[in-house]
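Trainee: model this:
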Amino acid sequence: MIYRIKFSCDEIDDFRRVYEADSDATFWELHKAILDSANYPDDQMTSFYICNERWEKGQEVTLVEMGSNFEYDNMVMESTRLSDLLEENGQRMIYVFDPMTERCFFGRVTEILPGMHFGVTCIESVGDAPPQMQHDEAQIAPKGNEWDIDDDFYGDSQYNEGDLDLEGYQDLSFDDGSMF
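Mentor: Purely as a prediction, here's the structure:
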């Protein structure tokens with residue numbers, strides 16, 4: 001069987017990718033095809049989620065082995081075939097490409113065709129993908145050789161040793177076991 005899977009993104013109206021994939025292809029092969037067509041590096045802990053009709057996340061398929069939770073088995077992209085989880089036309093999935101902010105592509109199986117196809121191929125590419133990582137450059141950008149951190153961020157400029165109330169603490173010693 002051949003799956004035709006369409007992905008879109010709620011951040012960019014004219015972004016669309018359509019893939020044809022053999023049912024025996026793995027989620028890892030789909031992951032690689034998405035990265036290639038979006039020009040993303042392969043350096044993030046991406047995941048797929050199988051979703052219901054309201055886009056609520058169900059079974060997760062992770063890039064690497066993770067601990068499983070009580071509700072779903074741990075499934076890894078490299079060893080999970082598309083046919084293991086994609087069963088019908090219209091089935092939905094989410095591909096989280098930015099795990100820090102949970103930004104994702106929304107996918108839907110648009111056709112299931114008879115025949116065979118080798119691996120996964122992007123057959124339609126419309127629009128530019130959004131940047132893979134979204135973060136506020138001003139918050140994390142270094143200034144020269146030092147990070148731009150407010151000198152009073154930790155309150156150390158207002159620290160006064162005389163304000164420390166030592167009553168009740170003078171008898172504590174870490175050497176004599178008096179704490180336990």
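Trainee: Centroid-nearest residue for the protein?
Mentor: Closest to where the C-alpha atoms of the chain average out (Cα atoms, centre = their mean) is P99, at 2.8 Å.
Trainee: Contacts only, for that one.
Mentor: Q44, M45, T46, S47 (Cβ atoms under 8 Å, 6 or more residues apart in numbering). For the C-beta atoms, the positions are set from N, CA and C on the backbone; glycine is no exception.
Trainee: List buried members of those residues by neighbour count.
Mentor: Q44, T46, S47 (16 or more other Cβ atoms under 10 Å).
Trainee: Tell me the one among those nearest to Q91.
Mentor: Q91 lies nearest to S47 out of the buried ones among the contacts of P99, by Cβ to Cβ, at 16.7 Å.
Trainee: Now do the contacts for the closest one.
Mentor: With Cβ under 8 Å, 6+ apart, S47 has these contacts: E60, V61, T62, L63, Y95, V96, P99.
Trainee: Check the gap between it and V76 for me.
Mentor: 10 Å (Cβ to Cβ, to the nearest Å).
Trainee: what touches both of these two?
Mentor: Contacts common to S47 and V76, judged by Cβ under 8 Å, 6+ apart, are V61, T62, L63.
Trainee: those strands in the protein, which residues are they?
Mentor: 2-9, 12-22, 47-51, 57-62, 75-76, 92-98, 103-113, 120-126, 142-143, 146-147 (DSSP state E).
Trainee: How many neighbouring residues does D10 have?
Mentor: Close neighbours of D10, defined as other Cβ atoms under 10 Å, add up to 11.
Trainee: Bridge partners for the residue lying closest to it once chain neighbours are set aside, pull those for me.
Mentor: Sequence neighbours aside, F106 is the residue nearest to D10 in space, at 7.0 Å (criterion: Cβ to Cβ, 6 or more residues apart in numbering). When bridges are called by DSSP bridges, F106 pairs up with S8, I94.
Trainee: Next, the contact list for F106, please.
Mentor: F7, S8, C9, D10, W55, R92, I94.
Trainee: max-length helix in the protein?
Mentor: helix 27-38 (DSSP state H).
Trainee: helices or strands up against that helix?
Mentor: strand 12-22, strand 47-51, helix 82-85, strand 92-98, strand 120-126 (3 or more Cβ pairs under 8 Å, 6 or more residues apart in numbering; DSSP states H and E).
Trainee: Can you tell me which of those is nearest to T110?
Mentor: Short answer: strand 12-22, nearest of those by Cβ to Cβ, at 7.5 Å.
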